[in-house]
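1. dropping the sequence and predicted coords here.
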Amino acid sequence: MPRIETDICVIGAGSAGLSVAAGAVQMGARVVLIEGHEMGGDCLNFGCVPSKALLAAGHKAHDTARGAFGIAGHDPAPDFAAAKDHVRAVIDHIAPVDSQERFEGLGVTVIRDTARFLSETELQAGDTVIAARRFVVATGSRPLVPPIPGLDGVPFHTNETIFDLRERPAHLIIIGGGPIGLEMAQAHRRLGCRVTVLEGAKALGRDDPEAAAVVLEALRAEGIEIAEGAQVTAVSGTEGAIRVETGDGATHEGTHLLIAVGRQPNVEALDLDKAHVGHDRKGVTVDRGMRTTNRRVYAIGDVAGGAQFTHVAGYHAGVIIRPMLFGLPAKARTDHIPWATYTDPELAQVGLTEAEARKRHGDRLTVARADFAHNDRAIATGQARGFAKVMVVKGRPVGATIVGPQAGELIQTWALAISSGLKMSAIAGMIAPYPTLGEINKRAAGAYFSPRLFESPLVKRVVRFVQRLP
Ligand SMILES: Cc1cc2nc3c(=O)[nH]c(=O)nc-3n(C[C@H](O)[C@H](O)[C@H](O)COP(=O)(O)OP(=O)(O)OC[C@H]3O[C@@H](n4cnc5c(N)ncnc54)[C@H](O)[C@@H]3O)c2cc1C
Ligand SMILES: NC(=O)c1ccc[n+]([C@@H]2O[C@H](COP(=O)([O-])OP(=O)(O)OC[C@H]3O[C@@H](n4cnc5c(N)ncnc54)[C@H](O)[C@@H]3O)[C@@H](O)[C@H]2O)c1
């Protein structure tokens, strides 16, 4: 049996594994990368990339249909299969960056097979045994398929199959009102499908409720039916005629079904027990340095059971490079991680939500806000709905929520402020070009200072005193 001795063995060529492999090999380590399925993992093949490409097609159809500013809209008759061609073309465009050829060109040994541990220091992929100084488990997650009665006898889609569907579903029922469910709901609605979302609790339940409400109102106004508190209890039917029953006694009928109720870590195939790597239902158990219960083994990205985003997977990779390559300590932070849901309007968050900040900081919290209704660029472009609010403690932001146009871009100001410990004065003192959507951030910072300036008796006394001077 072939045997490889290496410095670092990475399992999984998704966002997390690719980032660590590319970084480590370019800094001089010998790296083996093992991938059992598609290079690029979920984000490229079944996640971020296809979902944003499909949303882009949907947004284009919507804008064409709507018209505005004296320009007539017209029925774009969206070609569903052509939209899927766009999705495929986008994946193909990006794929070379994540490809086996590119990584081999960097000097990584790539093995295309499923990996499983043999012991604390060795694993096997295909017929090759790999012994490594350090292992990185970056095996990601897959869609959770809940044990709903009847589901095993009904055809359904997940994020792993929905992007291959080339015929437009007449009526798509989506179980789950999280980011996957709602992004897919809007993309399909705008491409001409009828869409029903069945959410067992609150849609976008991890986000600020006030901001989530803005998104939900916009989606409902487009004709997407969103039922909250609608836990799915039974599914029946065949392709083209699906029936879904919910705990509130309602029955929903549609032609296609998408399951989007969360994720499940990919741990089963790894034989983690043989390596003495602890794990549970949420994923591999890690400490703040992303180290598992076996000190030679790290776990990063979705499989580590924390926030499940591509940028978090990349961040984890950066955190473990320090100890693995340089023997230096490193800990992952979570207080500065942003995320965005790419519906129209977008919803973005970094740090604490208002409710979390209130719970943690009580009366020390100030919430500063600004509305897109007063942002001249948003008004000019007909996008003046939504707001930014910033949670501030002792003059520094501890969280920010933005719902509105380009929220995923705009949140980056606050992501920088929180990750670098900047004060609100840094944002208030920044000059933003006029007229930009980004002015909303400066305005929110200004809103933090205005009561302190305009409602302060001390300020007024000082001003009156200075005015008496010659
Ligand atoms: C529909 C959808 C939309 C999303 N949109 C966004 C978004 O807009 N922004 C964002 O930040 N995040 C988004 N995400 C989340 C993002 O895709 C994940 O957080 C990210 O892909 C996690 O990267 P990862 O490397 O941890 O795992 P993955 O990308 O899942 O990669 C893990 C890899 O490991 C391989 N593997 C598993 N087990 C083994 C084994 N035993 N041996 C060998 N190989 C193995 C798998 O085949 C896979 O290629 C989205 C997810 C979905 C599903
Ligand atoms: N824009 C982005 O960054 C983006 C986009 C998509 C996905 N993601 C990542 O993927 C992860 C998974 O997304 P998701 O939307 O699948 O999961 P999620 O956990 O965020 O949402 C799933 C929803 O399904 C509901 N649900 C569960 N069981 C149900 C049932 N039987 N009936 C009705 N509703 C039920 C839950 O209450 C929940 O609101 C996200 O947490 C995120 O990390 C990110």
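-> Yep, that arrived. Residues are numbered from 1 along each chain as shown. Ligands and ions are numbered 1, 2, ... in the order given.
2. quick check: which ranges of the stretch 51-200 of the chain have low pLDDT?
-> Within the stretch 51-200 of the chain, no stretch has pLDDT under 70.
3. and the residue of it that's closest to ligand 1?
-> When scored by C-beta to the nearest ligand atom, the stretch 51-200 of the chain has G140 as its residue closest to ligand 1, at 2.1 Å. C-betas here are computed from N, CA, C, even on glycine.
4. residues in contact with that residue?
-> Neighbour list for G140: 12, 14, 16, 41-42, 265-266, 301-303 [criterion: C-beta atoms under 8 Å, 6 or more residues apart in numbering].
5. of all those residues, which two lie farthest apart?
-> Using C-beta to C-beta, the two most remote members of those are G41 and P265, lying 13.3 Å apart.
6. number of nearby residues for C193?
-> Using other C-beta atoms under 10 Å as the criterion, C193 is surrounded by 22 other residues.
7. so how far is G223 from it?
-> For C193, the distance to G223 under the criterion C-beta to C-beta, to the nearest Å works out to 10 Å.
8. joint contacts of the two?
-> Common contact partners of C193 and G223 (C-beta under 8 Å, 6+ apart): none.
9. domain ranges for this protein, per the record?
-> According to automatic domain parsing, the chain comprises the domains 3-39+99-142+264-326, 151-261, 338-454.
10. of all these, which one comes closest to ligand 2?
-> Nearest of the domains of the chain (C-beta to the nearest ligand atom): domain 151-261, 2.2 Å.
11. can you pull the contacts of the residue in the stretch 201-350 of the chain that ligand 1 sits nearest to?
-> In the stretch 201-350 of the chain, no residue comes nearer to ligand 1 than G301, which is 2.2 Å away by C-beta to the nearest ligand atom. Residues in contact with G301, defined by C-beta under 8 Å, 6+ apart, are 12, 14-17, 138, 140, 312-313, 316.
12. close to ligand 1: what parts of the stretch 351-470 of the chain are there?
-> Residues of the stretch 351-470 of the chain found near ligand 1 (C-beta under 6 Å from any ligand atom): none.
13. show me the longest helix that occurs in this protein.
-> Ranked by residue count, the top helix of the chain under DSSP state H comes out as helix 48-66.
14. any idea how far apart the tips of stretch 388-404 sit?
-> Across its full length, stretch 388-404 reaches 8 Å end to end, with C-alpha to C-alpha, to the nearest Å as the criterion.
15. switch to numbering from 10
-> Sure, I'll start numbering at 10, so the last one becomes stretch 397-413.
16. that stretch near ligand 2 at all?
-> No: where contact is defined by C-beta under 6 Å from any ligand atom, no part of stretch 397-413 touches ligand 2; the two come within 13.5 Å at best.
17. for the residue nearest to the spatial centre of the chain, grab phi and psi.
-> The geometric centre of the chain, computed from its C-alpha atoms, lies nearest to F318 (C-alpha atoms, centre = their mean), at 4.4 Å. Torsion angles at F318 (phi, psi; degrees, to the nearest 10) stand at phi -140, psi 150.
18. same question for S465.
-> Geometry field for S465 lists phi and psi as phi -100, psi 120, criterion degrees, to the nearest 10.
19. now do D289
-> For D289, the backbone dihedrals are phi -140, psi -160 (criterion: degrees, to the nearest 10).
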